[in-house]
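>>> Sharing a model that was predicted from the sequence below.
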Amino acid sequence: SAVISQKPSRDICQRGTSLTIQCQVDSQVTMMFWYRQQPGQSLTLIATANQGSEATYESGFVIDKFPISRPNLTFSTLTVSNMSPEDSSIYLCSVTSEYTDTQYFGPGTRLTVL
Amino acid sequence: EDQVTQSPEALRLQEGESSSLNCSYTVSGLRGLFWYRQDPGKGPEFLFTLYSAGEEKEKERLKATLTKKESFLHITAPKPEDSATYLCAVRNTGFQKLVFGTGTRLLVSP
């Protein structure tokens, strides 16, 4: 199984600022995903991070608000831009490899926007 | 559109009281059905993948089963440490993304 770390684990931010979340995997993976989990809710896919090209965003999510980078096969970042209190959520990085259908999740980043 | 519905939303059991969680799904072509456990403030932890109707997987006190329309997660003689939210998700044969249900919050009292 893949071991995934995320930084920061939590943060409290002011409205209008931006936060970049890092995701590091201990092995090369094929697919990397970013999810949001709002309080008491299930997981919603934000985008699929593609190595060396633009991310693929789900309906309701746009690149200007959630820019994503994936410079290599083991690392990705998600930025939450111009934050508002509605962005308060847990943000989760998730990965799969070409060898398995299983999708593994990182520990999450708990974001609170005041 | 692929959909996953989990029931009940919440379940309270006494230690040792066995029960089942339900996951109903509609998907145009099932590539896999996944069960995860999520503790508060943590990321989901992978439990099982099921691929075809009739398949069963077991791990300690948990057993997952699959039919063409639903999956069950059976919990035998649960312990307080089994308390968590259990999430079900499906992956379509044509896409990579998982579609999640809203989960069942399980509380096991000593």
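In hand now; what should we look at?
>>> how about stretch B:79-88: buried residues?
B:82, B:83, B:84, B:85, B:86, B:87, B:88 (16 or more other CB atoms under 10 Å in any protein chain shown). All C-beta atoms are positioned from the backbone trio N, CA, C, and that covers glycine.
>>> ok, residues contacting the helix or strand containing the last one?
Okay, so that is residue B:88. Under the criterion of DSSP states H and E, residue B:88 resides in strand B:84-92. For strand B:84-92, contacts defined as CB atoms under 8 Å, 6 or more residues apart in numbering or on different chains pick out A:42-43, A:101, B:2, B:4, B:6, B:21, B:23, B:25, B:27-39, B:44, B:47, B:71, B:73, B:97-101, B:103-106.
>>> Read off the pLDDT value for the closest residue to chain A within chain B.
Nearest residue of chain B to chain A (CB to the nearest CB) works out as residue B:43 at 3.8 Å. pLDDT for residue B:43: 93.
>>> residue contacts, the residue lying closest to it once chain neighbours are set aside?
Nearest residue to residue B:43, sequence neighbours excluded (CB to CB, 6 or more residues apart in numbering or on different chains): residue A:105, at 3.8 Å. Contacts for residue A:105 (CB under 8 Å, 6+ apart) come out as A:4, A:35, A:92, A:93, A:94, B:36, B:43, B:44, B:45, B:46.
>>> Return a PyMOL selection command for the buried portion of these.
Of the contacts of residue A:105, the buried ones go into a single PyMOL selection, burial set by 16+ other CB under 10 Å:
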select buried, (chain A and resi 4+35+92+93+94) or (chain B and resi 36+43+44)
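>>> got the contacts of residue A:105 as CSV, with distance to residue A:27 and secondary structure columns?
Listed next are those as CSV, based on distance: CB to CB, whole Å; DSSP: H, G, I helix; E, B strand; the rest coil:
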residue, distance to residue A:27, secondary structure
A:4, 10, strand
A:35, 20, strand
A:92, 18, strand
A:93, 14, strand
A:94, 14, strand
B:36, 20, strand
B:43, 17, coil
B:44, 19, coil
B:45, 18, strand
B:46, 15, strand
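>>> Contact residues of chain B facing chain A?
B:31-32, B:34, B:36, B:41-46, B:49, B:87, B:91, B:96-98, B:100-103 (CB under 8 Å from any CB of the partner chain).
>>> cutoff 6 Å now
B:32, B:42, B:43, B:44, B:46, B:49, B:96, B:97, B:98, B:100, B:102, B:103 (CB under 6 Å from any CB of the partner chain).
>>> and those residues, which are buried?
Buried by 16+ other CB under 10 Å: B:32, B:43, B:44, B:49, B:96, B:97, B:98, B:100, B:102, B:103, out of the residues of chain B next to chain A.
>>> Looking at those, which gets the smallest pLDDT?
Among these, residue B:96 has the weakest pLDDT, 67.
>>> that older thread, buried ones among the contacts of strand B:84-92?
A:42-43, B:2, B:4, B:6, B:21, B:23, B:25, B:27, B:30-38, B:44, B:47, B:71, B:73, B:97-101, B:103-106.
>>> Next, residue B:80: phi, psi?
phi -50, psi -30 (degrees, to the nearest 10).
>>> you'd agree it is up against residue B:108?
Yes - using CB atoms under 6 Å, residue B:80 is in contact with residue B:108, at 5.0 Å.
>>> would TSV of the contacts of residue A:105 with distance to residue A:28 be doable?
Shown next, in TSV, are these (distance: CB to CB, whole Å):
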residue	distance to residue A:28
A:4	13
A:35	21
A:92	20
A:93	15
A:94	15
B:36	23
B:43	20
B:44	22
B:45	22
B:46	19
